[in-house]
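In: what shape does this take:
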Amino acid sequence: MDDQNKNLLLATGLSFAVMLAWFAIAPPQTARAPAEEATAAVPVAAALGTTDVNTNMGSGNAQAVTDAGRITIDTPRLEGSLSLLAGRIDDLQLKDYTETIEDGSPIVTLLSPEGSDHAYYGINGWAAASGVNPTDVPGPTTLWSSRSTTLTPSSPVTLTWDNGKGLSFRRVISIDENFMFNIEQSVSNASSTPVALAPYGQIARHGEPPNLKGFFILHEGMVSMSDGELNEIKYGKMPEFDINPKERAPAEVVQVLEGGWVGFTDHYWMTTMVPQGAFKSVAKYDINNDVYLTEAVQPTQTIAPGATASVTSQFFAGAKEWEVIRNYQNDDDVDRFVDIIDWGWFYFLTKPIFWLLHTLNGFIGNMGWSIICLTLIIKALLLPLAYKSYVSMARMKELQPEMEKLKERAGDDKQQMQKGMMELYKKNKVNPAAGCLPILPQIPIFFSLYKVIFVTLELRHATWFGPFNDLSAPDPTSIMNLFGLLPWGTPDAGSIFALVLIGILPLLLGISMWMQQKLNPAPTDATQAMIFAWMPWVFMFMLGGFASGLVVYWIANNTITFIQQYSIMRSQGVKPDVFGNITSTFKKFKKGS
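Out: Model (predicted):
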């Protein structure tokens, strides 16, 4: 085997290795520093005038939660209830989303009360700083009173509690048409001494999410925004926090935030505290009760006798819908709220690609056709590069007879051969590297589109036509039942049979790559010919288990590339013999068999 073939095999092997590695290992998900590497415990409580908050999450409140009264939550997009025990927002379902695409599938449950499986809830309260005992301020075991029975966008609820020692507390909870709660807390001091209290909001999650993806391209866990910097800590990293002897549980101070937010993000849903003004943000893990906790402590309020103090915060609990989140960012000044969607390394590409896809879908109303239109636009933008590349390929094809003569003259003298080729390229103004130009931008675009399809909610359960009713999932068809023509089912997704007995989209992907190859004759070298012959079918199986939306993009991309290359080569006087190249392949196959 000569050096050229060795280099080709090596390059091909490395290409496959890089692609497999990219989808098998877990690189950082953002160019911005994650919190577990960039932050340290600092005395921010003193700087803000706040006090530590210890709520004893998961310490036996389950029965009290069950016994406490509830206020119904009913909005166009949410249903559930909040508990009068601490005013917990702990029972919430998303009306617009079902667990699966099957008929009769239940709607998605986001929040669940303590005592249920995978309890998950938001809670607000006051922490004692000075002039009052911790038991005389409302906390996680406080039973509030309310005359309201239902929380709707047009009817907020008011919770009240009096400690019997001169302090009366009031909490007004309202909600908009989407997913944002507004929480106004106030305290009136009728005693004869001033008191200092720190308002706080917390989100508690008992155990890891049951549907945790654990996939490297998706961040799941604690997330916060501080001064334009996104901080992320995965669920798996939180138990590694340093032990805090005072709290007898691991805890890490994340940042002093100014006008930011903090919470938990999962694949498609999130809960986020958005306090008004400065606050101390803390991520904790209760090692004894397996509780993940994010906490936002606002500055300490000193309330003189006869005075009243109030603070406001917001609590988002719902779906990570780009348009809704963007509106909160633009209209309510929630700093960089859209960054809670995990845009990844190539955020400078994923954001505009998603915006364009979202806009196209708004006009077309079908995500599958929108992906195809997006591909057309991307190919149009890359056409100048493609034109240079295909013109170069056409001119290289014209030089093929002269290159063959050069090989005959040079014989085994590789140095003379290389020198002659360079002179030939220079004389005819041909750049052999120009053929790689369209490939280079395709790599980050491919990864960015993969990120968009996998991460964004808008692709979840997005339909195209026929059996393609979830473009975020692999192709549901299979060659096992002739793509739905036969009455039996298909292999389970993710199984080895699903990988081998591929669907119609992976098959079309392989065919489109194979057709693209037939624009040129097969290489005369046997090793090169073998590699090129197998490449489409290897990629067919490699990419067959990807999201069907991504495979649709790749098929459309290959088809448009074929048309572009064929047209440009003909415009340069080169007529690709596609039919002849196909028939010669089958002749060689028949002869070899």
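In: which secondary structure element of this protein has the lowest mean pLDDT?
Out: helix 35-38 (a mean of 33; mean pLDDT, DSSP states H and E).
In: what about residue 583, neighbour count?
Out: Residue 583 has 12 neighbours, counted by other Cβ atoms under 10 Å. Just so you know, the C-beta spots here come from the backbone N, C-alpha and C atoms, and that holds for glycine as well.
In: quick one: secondary structure of it?
Out: helix (DSSP: H, G, I helix; E, B strand; the rest coil).
In: same check on residue 87?
Out: coil.
In: pLDDT weak spots in the stretch 301-450 of the chain?
Out: Applying pLDDT under 70 to the stretch 301-450 of the chain flags residues 431-439.
In: which stretches of it form helices?
Out: 322-331, 347-364, 367-381, 383-398, 400-410, 414-427, 439-455 (DSSP state H, counting those that start in this stretch).
In: let's have the ones you listed in JSON lines, adding distance to residue 475 and mean neighbour count.
Out: Formatted as JSON lines, the helices of the stretch 301-450 of the chain follow (distance: least, Cβ to Cβ, whole Å; neighbours: other Cβ atoms under 10 Å):
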{"stretch": "helix 322-331", "distance to residue 475": "25", "mean neighbour count": "16"}
{"stretch": "helix 347-364", "distance to residue 475": "20", "mean neighbour count": "17"}
{"stretch": "helix 367-381", "distance to residue 475": "12", "mean neighbour count": "19"}
{"stretch": "helix 383-398", "distance to residue 475": "28", "mean neighbour count": "18"}
{"stretch": "helix 400-410", "distance to residue 475": "39", "mean neighbour count": "12"}
{"stretch": "helix 414-427", "distance to residue 475": "43", "mean neighbour count": "13"}
{"stretch": "helix 439-455", "distance to residue 475": "13", "mean neighbour count": "19"}
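In: tell me which of those helices lies nearest to residue 512.
Out: Nearest to residue 512 among the helices of the stretch 301-450 of the chain is helix 367-381; the distance by Cβ to Cβ comes to 12.0 Å.
In: could you list every helix and strand that the closest one packs against?
Out: helix 347-364, helix 548-571 (3 or more Cβ pairs under 8 Å, 6 or more residues apart in numbering; DSSP states H and E).
In: pLDDT weak spots in the stretch 1-150 of the chain?
Out: In the stretch 1-150 of the chain (pLDDT under 70), the answer is 1-60.
In: any chance you could map the helices in it?
Out: Under DSSP H, counting those that start in this stretch, the stretch 1-150 of the chain gives helices at 3-22, 35-38, 44-48, 62-67.
In: that older thread, okay if I get the helices of the stretch 301-450 of the chain as JSON lines plus distance to residue 271?
Out: Formatted as JSON lines, those follow (distance: least, Cβ to Cβ, whole Å):
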{"stretch": "helix 322-331", "distance to residue 271": "13"}
{"stretch": "helix 347-364", "distance to residue 271": "22"}
{"stretch": "helix 367-381", "distance to residue 271": "27"}
{"stretch": "helix 383-398", "distance to residue 271": "44"}
{"stretch": "helix 400-410", "distance to residue 271": "63"}
{"stretch": "helix 414-427", "distance to residue 271": "61"}
{"stretch": "helix 439-455", "distance to residue 271": "18"}
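In: outline the domain layout of the protein.
Out: 14-23+355-400+429-592, 50-341 (automatic domain parsing).
In: deepest-packed of those domains, please.
Out: Between the domains of the chain, domain 50-341 has the highest mean count of neighbours, a mean of 19, where neighbours are mean count of other Cβ atoms under 10 Å.
In: for it, the distance to its chain's centre please.
Out: Put simply, domain 50-341 sits 23 Å off its chain's centre (Cα atoms, centre = their mean, to the nearest Å).
In: a markdown table please, covering the domains of the chain and showing distance to residue 422.
Out: Below are the domains of the chain laid out as a markdown table (distance: least, Cβ to Cβ, whole Å):
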| stretch | distance to residue 422 |
| --- | --- |
| domain 14-23+355-400+429-592 | 10 |
| domain 50-341 | 42 |
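In: out of the helices of the stretch 301-450 of the chain, nearest to residue 125?
Out: Taking those one by one with Cβ to Cβ, helix 322-331 is closest: 24.3 Å.
In: run the angle between the closest one and helix 347-364 for me.
Out: Helix 322-331 runs at 110 degrees relative to helix 347-364, counting by axes from the mean of the first three to the mean of the last three Cα atoms, to 10 degrees.
In: quick one: residues in contact with helix 322-331.
Out: 178-180, 316, 318, 334-338, 340-341, 354, 358, 456-458 (Cβ atoms under 8 Å, 6 or more residues apart in numbering).
In: kindly format the C-alpha coordinates of that helix as PDB.
Out: Presented in PDB, the C-alpha positions along helix 322-331 are these (Å, rounded to 0.1, in the frame of the first residue of the first chain):
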ATOM      1  CA  TRP A 322     -38.200  30.400  23.300                       C
ATOM      2  CA  GLU A 323     -40.800  33.000  22.400                       C
ATOM      3  CA  VAL A 324     -42.300  33.100  25.900                       C
ATOM      4  CA  ILE A 325     -38.900  33.300  27.600                       C
ATOM      5  CA  ARG A 326     -37.800  36.000  25.100                       C
ATOM      6  CA  ASN A 327     -40.800  38.100  26.000                       C
ATOM      7  CA  TYR A 328     -40.000  37.900  29.700                       C
ATOM      8  CA  GLN A 329     -36.400  39.000  28.800                       C
ATOM      9  CA  ASN A 330     -37.500  41.900  26.600                       C
ATOM     10  CA  ASP A 331     -40.700  43.100  28.300                       C
END
